[in-house]
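Visitor: Below are the sequence and a predicted model for it; my questions follow.
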Amino acid sequence: MKNNIQSIREQLKNAKADETGMVELIDVNFICDENFILREPNLDYAKREMKWYDSMSLNVYDIPGGTPEIWKQVADKNGYINSNYGYLIYSIDNHSQYENAKQKLLKDKNTRQAMMIYTRPSIHKDAVTNGMSDFICTAYTHQFIRDNKLIYIVYQRSCDAVFGFNNDLYFHKEIYQRLLTELRGKYKNLQEEHIHYNVGSLHVYPRHQKLLEKI
C-alpha cells in the first residue's frame, strides 16, 4: 500500500538526525491526501506566490506583498532566479511544457508522454550564475489518464517538509485543477484524485525539530 501523509509524518519522527541535526528521508513516495506534513500552510503567502508564478517573472522582488528571505538568499545579486514554476511550464522560452502535456493527453488518452519538464541539463551551471544558489527542486511532473482519472505525479530532487512542501503542493494542486478543467472539455466525466509525490530528499531542518516532537 502506498504511503500517505500520516505515514510520512511517522517516518520523519522515527528517522535519526544526521551529524548536522537534519532529519532526512531518501527516495520516498506518497499520495498527498492532506495539504501539509508538519505545519499548516500559509495560504495568504501561497496565493501571493501563485500570482508571481503566473506572472512568469524570474525576479523575486516581483512577488506580491513582499519577498520572503529564502527567495532573497537564493537569488543572484539582482534578484533573479531559475525557479519560477509558472515560467518553467508556461513560457514559450521553456518550450510550453503545460501546453505540450495537455495536447498529448487530448490527442491520446492512453499516452505516456504527457510531461512538464522543469529542470534542464545546464542547471548545474545555471544554479550558481551571478552569485545565485537556485537549483530547481521540481525535476518534472507526469500526467496520465487511466480508469477515467487524471493522475498527476510530481518528481522532486529535494523538498523541505515544512515550508517548501506546502507551497509546492499548493502550486501543483492549482495546476492540476487547471489541467482537469481543460481536459474535461473533451473527457466530460474525467475524475479527480490525489496528487502523487516522489522525492529524492525529503528533509526537516534542525530549526524545525520541535515540530517532529509534536507528532
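Guide: The structure has been received and is ready for your questions. Numbers count the residues shown, from 1 in each chain.

Visitor: going forward, measure contacts and count neighbours with C-alpha atoms only.
Guide: Will do.

Visitor: helices and strands around the helix or strand bottoming out on mean pLDDT in the chain, which ones?
Guide: Least confident helix or strand, the chain: helix 209-213 with a mean of 91, by mean pLDDT, DSSP states H and E. Where contact means 3 or more Cα pairs under 8 Å, 6 or more residues apart in numbering; DSSP states H and E, helix 209-213 is packed against helix 5-14.

Visitor: other SSEs contacting the longest strand along the chain?
Guide: Among the segments of the chain that qualify as a strand by DSSP state E, the longest is strand 149-160. Helices and strands touching strand 149-160, by 3+ Cα pairs under 8 Å, 6+ apart, are strand 138-146, helix 164-183, strand 196-204.

Visitor: quick revisit: would you put the C-alpha positions of the least confident helix or strand of the chain in PDB?
Guide: These are the backbone C-alpha positions of helix 209-213, laid out as PDB (Å, rounded to 0.1, in the frame of the first residue of the first chain):
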ATOM      1  CA  GLN A 209      12.900  19.700  15.100                       C
ATOM      2  CA  LYS A 210      10.300  20.700  17.600                       C
ATOM      3  CA  LEU A 211       7.600  20.100  15.000                       C
ATOM      4  CA  LEU A 212       8.600  16.500  14.900                       C
ATOM      5  CA  GLU A 213       8.200  16.200  18.700                       C
END
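
Visitor: what sits up against that helix?
Guide: With contacts defined as Cα atoms under 8 Å, 6 or more residues apart in numbering, helix 209-213 is touched by Arg9, Leu12, Lys13, Leu38, Arg39.

Visitor: What is the nearest of the residues you listed to Lys47?
Guide: Relative to Lys47, the closest of the contacts of helix 209-213 is Arg39; by Cα to Cα it sits at 16.8 Å.

Visitor: Hmm, Val162 and that closest one touching each other?
Guide: Yes: the criterion here is Cα atoms under 8 Å, and Arg39 meets it with Val162 at 5.9 Å.

Visitor: So the two - more neighbours on which side?
Guide: Set side by side, Arg39 and Val162 show more neighbours around Val162, with 20 against 15, by other Cα atoms under 10 Å.

Visitor: does the more buried one really touch Ile37, like I thought?
Guide: Yes: assessed by Cα under 8 Å, Val162 is found in contact with Ile37 at 6.8 Å.
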